[in-house]
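A.B. asks: No sequence on hand, only this structure:
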């Protein structure tokens, strides 16, 4: 129903970048955000594992009344989005797609860098996007090992985080990139550091605003938009440490929020 919440999930805090964009665009919508921090990072896990987690999280969010499911995780989108749409055909889904198309359309040098997890690069979705939109562009890739874990710990400006990014970006700069695509929802939280490394002449693409626009379109298509004046509540859930996630939200937004812990029991959330 229109007054039900929008469900959003990620392996950890990365999807909060998408949640933030949705909230800014759809201020009146109730939102449920679930971070599967017990299993973060997804990027180093098998596609089958990620698909299983995504299915059970989707089922849980539907039990909570979610009217739309936003897979705010590039890895989960690559591994599970098509599967979820087949498994829950009545549910509208919005997933993450690396922003290779706008990067390929706007690049002047013809060289684009993509930062993403191994699972995203291995997925059919990424390969399809590159094949369709980047045939005439050189696409450089890097998996940034350890970066998701650094961001989960709140280490956004540390020496270790900078080192990870420099190892990824310096070779790309040497090869002439003028655009960097962030193919993981965690990475927007280190945009200031990325921009500092690549310089002002290199464009950094955060996909979150485009995802928020797509959520709005999906709500309109299915007549699920709710503009009730009293709406706009966000419920924060994690399968990990709620205090750690609460601290991260406070650091990023200045807001003090209540984070509830939900636990995996075998393969189910409760």
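C.D. replies: Looks like it arrived, so ask away. Small disclaimer: the values here were computed from a predicted structure and weren't measured.
A.B. asks: now the strands for the stretch 151-270 of the chain?
C.D. replies: Assigned by DSSP state E, counting those that start in this stretch, the stretch 151-270 of the chain shows strands spanning 179-182, 203-205, 234-238, 259-261, 264-265, 268-269.
A.B. asks: Dump the ones you listed to a markdown table, plus mean pLDDT and distance to residue 24.
C.D. replies: C-betas here are computed from N, CA, C, even on glycine. Shown next, in a markdown table, are the strands of the stretch 151-270 of the chain (pLDDT from 0 to 100; distance: least, CB to CB, whole Å):
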| stretch | mean pLDDT | distance to residue 24 |
| --- | --- | --- |
| strand 179-182 | 98 | 18 |
| strand 203-205 | 97 | 17 |
| strand 234-238 | 97 | 12 |
| strand 259-261 | 97 | 21 |
| strand 264-265 | 91 | 31 |
| strand 268-269 | 84 | 28 |
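A.B. asks: among these, which is the most enclosed?
C.D. replies: Of all the strands of the stretch 151-270 of the chain, strand 179-182 has the most neighbours on average by mean count of other CB atoms under 10 Å, namely a mean of 26.
A.B. asks: Show me the contact partners of that one.
C.D. replies: Strand 179-182 is contacted from outside by 98-100, 103, 106-107, 112-116, 169, 172, 188, 191, 194, 198, 202-207, using CB atoms under 8 Å, 6 or more residues apart in numbering.
A.B. asks: now the strands of the stretch 151-270 of the chain in a markdown table, with distance to residue 72?
C.D. replies: Output for the strands of the stretch 151-270 of the chain, formatted as a markdown table (distance: least, CB to CB, whole Å):
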| stretch | distance to residue 72 |
| --- | --- |
| strand 179-182 | 13 |
| strand 203-205 | 16 |
| strand 234-238 | 13 |
| strand 259-261 | 16 |
| strand 264-265 | 19 |
| strand 268-269 | 17 |
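A.B. asks: What's the PyMOL syntax to select whichever of the contacts of strand 179-182 are buried?
C.D. replies: With 16 or more other CB atoms under 10 Å as the burial test, the buried ones among the contacts of strand 179-182 are selected in PyMOL as follows:
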select buried, resi 98+99+100+103+107+112+113+114+115+116+169+172+188+191+194+198+202+203+204+205+206+207
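A.B. asks: returning to that earlier point: for residue 34, find the nearest of the strands of the stretch 151-270 of the chain.
C.D. replies: Smallest distance to residue 34 across the strands of the stretch 151-270 of the chain (CB to CB): 4.4 Å, for strand 234-238.
A.B. asks: The closest one pairs with which strands, parallel or anti?
C.D. replies: Strand 234-238 pairs in its sheet with strand 31-35 (parallel), strand 259-261 (parallel), by DSSP bridges.
A.B. asks: Let me know the angle separating the following helix or strand past the longest one from strand 234-238.
C.D. replies: Using DSSP states H and E, the helix or strand that directly follows strand 31-35 along the chain is helix 47-63. Interaxial angle of helix 47-63 relative to strand 234-238 (axes from the mean of the first three to the mean of the last three CA atoms, to 10 degrees): 140 degrees.
A.B. asks: Which element is encountered next along the chain beyond helix 47-63?
C.D. replies: Using DSSP H and E, the first helix or strand after helix 47-63 is strand 68-71.
A.B. asks: Quick check: chain neighbours aside, which residue is closest to residue 178?
C.D. replies: residue 109 (4.3 Å; CB to CB, 6 or more residues apart in numbering).
A.B. asks: ok but that neighbour is inside a strand, no?
C.D. replies: No - per DSSP: H, G, I helix; E, B strand; the rest coil, residue 109 lies outside any strand segment and is coil.
A.B. asks: how close does it get to residue 137?
C.D. replies: Going from residue 109 to residue 137 by CB to CB, to the nearest Å gives 9 Å.
A.B. asks: Check residue 155 too.
C.D. replies: As for residue 155, its distance to residue 137 is 32 Å (criterion: CB to CB).
A.B. asks: of residue 109 and residue 137, who's got more company?
C.D. replies: Using other CB atoms under 10 Å, the more surrounded residue of residue 109 and residue 137 is residue 137, with 17 against 14.
A.B. asks: Please list all residues in contact with that one.
C.D. replies: So residue 137 contacts 103-104, 107, 110-112 (CB under 8 Å, 6+ apart).
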